[in-house]
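Below are the sequence and a predicted model; questions follow.
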Amino acid sequence: GENVEQHPSTLSVQEGDSAVIKCTYSDSASNYFPWYKQELGKRPQLIIDIRSNVGEKKDQRIAVTLNKTAKHFSLHITETQPEDSAVYFCAASGWNNNDMRFGAGTRLTVKP
Amino acid sequence: ETGVTQTPRHLVMGMTNKKSLKCEQHLGHNAMYWYKQSAKKPLELMFVYNFKEQTENNSVPSRFSPECPNSSHLFLHLHTLQPEDSALYLCASSQEGGNSNQPQHFGDGTRLSIL
């Protein structure tokens, strides 16, 4: 089955700097890669997703890149703000959500 | 966002108790999921229901019993749990059926503590 590794487990940046979180997956059949943000005591919320037919996707300060050959994908947050502080999860799945597998999460702290 | 609602938010129970977690989605989705979230571990998929039919079990112990009476409601019945079952239990829903994946929408979860 799918195995998703996520790094780093914790990340601290200064407000205004960029943050990058990386994930690798094992199943070459995976073709859907969502990213979730979970603030303390709240539900995970989808912030961006990418499908295997696309190499990069951007939404304002957030971007995701996918390298299918190397089987890794990354989340990039530019101009970080304190409200970006949260735990971020990557995930990978195949043609349906029955096999969705999540990374262990990255705790991002943005210091003012 | 109140698309996926879970009750109760917190639950403390003894190992011999029987309780149920409830999830309701108001998004018109046809698939619902139960996940277990433990500290510093990946979200673990427990059960999947597509069109009210269970399609994934993931080798969950029988002390967890799901029920999906319709596509909007999902229950997780708990019986004779162990201390290691203490965790946040998240419900999610999505719209399945096409030839591509769709995002899952999560509830706020039930924080379960086993004494």
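In hand now; what should we look at?

Quick check: which ranges of chain B have low pLDDT?
The model of chain B has pLDDT under 70 over residues B:1-2, B:97-100.

which phi and psi does the residue most central in space within it have?
Central residue of chain B (CA atoms, centre = their mean): B:Trp34, 2.6 Å from the mean position. For B:Trp34, the backbone dihedrals (degrees, to the nearest 10) come out as phi -110, psi 130.

That one contacts B:Leu90, doesn't it?
Yes. Between B:Trp34 and B:Leu90 a contact is recorded at 7.5 Å, counting by CB atoms under 8 Å. Every C-beta, even on glycine, is put in place using the N, C-alpha and C of the backbone.

what about stretch B:61-70 and chain A, any contact?
No. Judged by CB under 8 Å from any CB of the partner chain, stretch B:61-70 makes no contact with chain A; its nearest approach is 14.2 Å.

buried set for that stretch?
For stretch B:61-70, the neighbour count (16 or more other CB atoms under 10 Å in any protein chain shown) marks B:Phe64, B:Pro66, B:Cys68 as buried.

Same question for stretch A:43-62.
In stretch A:43-62, counting by 16+ other CB under 10 Å, buried: A:Arg43, A:Pro44, A:Ile47, A:Ile48, A:Asp49, A:Ile50, A:Ser52, A:Ile62.

Which pLDDT value goes with the residue nearest to A:Thr10 when sequence neighbours are not counted?
With CB to CB, 6 or more residues apart in numbering or on different chains as the criterion, A:Thr10 has its nearest non-adjacent residue at 4.7 Å, and that residue is A:Arg107. A:Arg107 is assigned a predicted lDDT (pLDDT) of 96.

pretty sure A:Arg107 is in a strand, no?
Yes. Assigned with DSSP: H, G, I helix; E, B strand; the rest coil, A:Arg107 falls within a strand.

so what's A:Ser74 up against?
If you count contacts by CB atoms under 8 Å, 6 or more residues apart in numbering or on different chains, A:Ser74 has them with A:Val20, A:Ile21, A:Lys22, A:Cys23, A:Val64, A:Thr65.

which SSE is the last one in?
Yep, that's A:Thr65 we're talking about. Using DSSP states H and E, A:Thr65 sits in strand A:62-67.

Repeat that for the third one.
When secondary structure is defined using DSSP H and E, the element that contains A:Lys22 is strand A:19-25.

Indicate each strand paired with that strand and its parallel or antiparallel sense.
strand A:4-7 (antiparallel), strand A:72-77 (antiparallel) (DSSP bridges).

winner for burial among the ones you listed?
strand A:72-77 (a mean of 20; mean count of other CB atoms under 10 Å in any protein chain shown).

what element comes up after that strand heading to the C-terminus?
Next element after strand A:72-77 (DSSP H and E): strand A:86-92.

which helices and strands sit right next to that next one?
strand A:4-7, strand A:19-25, strand A:32-38, strand A:72-77, strand A:101-102, strand A:106-111 (3 or more CB pairs under 8 Å, 6 or more residues apart in numbering or on different chains; DSSP states H and E).

Distance to B:Leu11 for the ones you listed - can I get that in TSV?
Shown next, in TSV, are the helices and strands packed on strand A:86-92 (distance: least, CB to CB, whole Å):
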stretch	distance to B:Leu11
strand A:4-7	29
strand A:19-25	32
strand A:32-38	20
strand A:72-77	33
strand A:101-102	23
strand A:106-111	25
